[in-house]
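**Q** sequence first, predicted coordinates after that:
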Protein chains: 2
Amino acid sequence: MEKHNKLLIIDDDKELSHLLSEYLSLEGYQVSCCYDGLSGLTEARSNNYSLILLDVMMPKLTGFEVLEALGGKHSTPILMLTAKGDESDKVLGLELGADDYLAKPFNHHELLARIKAILRRIDITLNQQNSTTSHLQINNVSLNHATREVHCHSKLITLTGTEYQILALLMKSASSIVSKVEISEQVLKRKLSPFDRSIDMHVSNIRRKFLPYSPSDKLKTVRGSGYIFLSGES
Amino acid sequence: MEKHNKLLIIDDDKELSHLLSEYLSLEGYQVSCCYDGLSGLTEARSNNYSLILLDVMMPKLTGFEVLEALGGKHSTPILMLTAKGDESDKVLGLELGADDYLAKPFNHHELLARIKAILRRIDITLNQQNSTTSHLQINNVSLNHATREVHCHSKLITLTGTEYQILALLMKSASSIVSKVEISEQVLKRKLSPFDRSIDMHVSNIRRKFLPYSPSDKLKTVRGSGYIFLSGES
DNA sequence: AGGCAGTGTAAAGGTTATGTAAATGTGGTA
DNA sequence: TACCACATTTACATAACCTTTACACTGCCT
C-alpha cells in the first residue's frame, strides 16, 4: 500500500498556507498550495492527493462551491478549515461532502491529529476489506465465503448452497455439537419436524463429496444430539 | 452492500444517552447503549456496529482506556463525545484511534453531520477501491471506462450501457459473488422484485457476445446467490 | 437376543432458479 | 409518424437442487 502523504491546501491566505505547509512538511507530508477556489478545484479533481485542506472564504470560488463542484462522493477526503465557526456552516460543509471541519484559529496539533485520523481510517477500511474475505480453515478444509468455494487438501469441492451453509455452521462451531434443530433453524429456516430427514441427506451428501479427498470422516454423528465437525485429525 | 445504521453509545449519562438514542433513531439509526466503559468495551469488540459514540468520563473504564484497549486500528469508527473540550485531550483521543472528537455541549445537527461524514467516507473508500481505475483488465478481458469499450483477446465487443455496467461491477468484484440484489440496486437503480428476470437476460446477452472470442464462460452462476466473474482461466 | 428409535443413503419426486428466444414496452430521433 | 436501440417481460425448457420415501443398518435399552 502506498503511503498517504500528499496534501493539497486550498486557501487564499498565503501566509497561513505557508506556515501550514512548513509545519506539515516537517511532519513528513508533501504539500501543494492553491490560492483560489478555481485552481484548487482543478487540482482537487486530479485525484492526486491523499487529503485536501479547504478554506471557505476565497476569491472566484468559495470552499462550499468547490465542495459542490466536486460532488458529495469525491474520492479525496476534505478537511474544511475556516474562519467561520458558525454551527450551521459546519453542518453545511459536512453535508456537502467534507470529512471534517475545523474552525480558525485552530491548534496545529489538533489539525495534524485530525488529518492523521482521516487517513488512518481510510487505511483501516482498505486493509479490512481485504481480510474481510473471511477464510475459515480447519485442518485441511478451507471455506471461502466470498466465492462460496470449499477446498480440501487444495482440491476444489463443489457444494450446493445448503450444503455449504451446513458445513460452514459446523465448522464455525467446530469441536462442539450442533443439533439438528439448530441446523434446521439457521440453515433451512424452518422448525425441525419429527420425520424430517433433509439434514441427514445433506450431511450424507457432504460426506460423499469429501470422500475422495479425505480418509477420515470430518463430520461425526452424535447420536441423539446432532453433528460435530472434528478438528484434530488429518 | 449492507446499510450502515447500527450505532453504539457508550456513556454513563443515561439521560443524554436516551436523548441521543431517540434523536438518532428518528434519523434512521438503530441505537444501543452501554453505561460504563467495561460493558462498552465488550460490545465494541463484537464488531457489530457501524460507529461508536464514546464518552470519556465514565466509571470502571474511561473512554481513553477503552480506546487503548481496542487498539489503534479497530475496525469500528469511534466518535468521542466529551465534556472536556481541552485541546490536548482532543489530540490525545484522536491519536489513540478516535476518528472524531466533539466537545459537549454539542449541537445535535453537527453530531449527526459528523456521524454521516464518517460513514460516508467509509462507503466511498470501499466502493472506490477499484472503480477509480479507468482501465480494468482481468485475464483477457479489458474495460476502458472512459470510452466504455470492452475488449476480449484484443477484439472489440459492443455492449449496451446496462450490460457494460453489469460486467464492470462483476469485474470490479472479481473473485467474490455479487448478488442480484446488489446488481439491481447498483446498476438498474431499483429494488429487485421477486420475478424480475432482467438481470438474467443481461447476463445471458453478455455471455452470448463473448462466446465467439472466449471458450470458457467468464460469468459463473452461483445458484441462489448471484454471479461471479471468474479470474483464473484462459 | 429382541425391540426400537436414530441414522445412512439410494432413488424418486417435486420445487425453484436459471437460460434464452421471442414478444412487448419505452424513450429518443429523424 | 415510423424507426431504432435498448430494456423489460413473457413463456417455456432445463438444470440444479431440496425433500421425501424406502429400506438397510447401528447403537442402545431391557
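**A** In hand now; what should we look at?
**Q** host element of the residue lying farthest from the centre of chain A?
**A** With distances taken from the mean C-alpha point of chain A and given as C-alpha atoms, centre = their mean, the most distant residue is residue A:195, at 43.8 Å. Using DSSP states H and E, residue A:195 maps to neither a helix nor a strand.
**Q** write out the residues of chain A neighbouring DNA strand D.
**A** A:160-163, A:188, A:190, A:195-198, A:201-202, A:223 (C-beta under 7 Å from any atom of the strand). From N, CA and C alone the C-beta is placed, and that goes for glycine too.
**Q** can you pull out the strands in chain A?
**A** Taking DSSP state E to define them, one finds strands in chain A at A:6-10, A:30-34, A:51-54, A:78-82, A:100-103, A:135-138, A:141-144, A:149-152, A:155-157, A:219-222, A:226-229.
**Q** the shortest one packs against which elements?
**A** Spelled out, that is strand A:155-157. strand A:149-152 (3 or more C-beta pairs under 8 Å, 6 or more residues apart in numbering or on different chains; DSSP states H and E).
**Q** name the strands paired with the strand it packs on and say parallel or antiparallel.
**A** For strand A:149-152, the pairing partners within the sheet under DSSP bridges are strand A:141-144 (antiparallel), strand A:155-157 (antiparallel).
**Q** how about low-confidence regions in chain A?
**A** Residues of chain A meeting the criterion pLDDT under 70: A:1-2, A:72-73, A:84-85, A:130-133, A:233-234.
**Q** hmm, try it at 50
**A** Across chain A, the stretches falling below the confidence threshold (pLDDT under 50) are A:1, A:233-234.
**Q** what segments of it are helices?
**A** In chain A, helices defined by DSSP state H lie at A:14-26, A:37-45, A:63-70, A:87-95, A:108-132, A:161-172, A:180-183, A:198-210, listed in chain order.
**Q** those helices into TSV, with extra columns for distance to chain B and mean neighbour count?
**A** Putting the helices of chain A into TSV (distance: least, C-beta to the nearest C-beta, whole Å; neighbours: other C-beta atoms under 10 Å in any protein chain shown) gives the following:
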stretch	distance to chain B	mean neighbour count
helix A:14-26	14	14
helix A:37-45	13	18
helix A:63-70	12	20
helix A:87-95	4	19
helix A:108-132	4	17
helix A:161-172	4	19
helix A:180-183	17	17
helix A:198-210	14	16
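**Q** closest one to residue A:144 among these?
**A** helix A:161-172 (10.2 Å; C-beta to C-beta).
**Q** check whether that closest one contacts DNA strand C.
**A** No - under the criterion of C-beta under 7 Å from any atom of the strand, helix A:161-172 makes no contact with DNA strand C; the nearest approach is 9.1 Å.
**Q** and that helix with helix A:198-210, angle?
**A** Angle of helix A:161-172 versus helix A:198-210, following axes from the mean of the first three to the mean of the last three C-alpha atoms, to 10 degrees, is 80 degrees.
**Q** can you give the contact residues for helix A:161-172?
**A** By C-beta atoms under 8 Å, 6 or more residues apart in numbering or on different chains, the residues outside helix A:161-172 that reach it are A:136, A:138, A:141, A:143, A:145, A:148, A:150, A:159, A:178, A:182-183, A:186-188, A:199, A:202-203, A:205-206, A:209, A:219, A:227-229, B:223-225.
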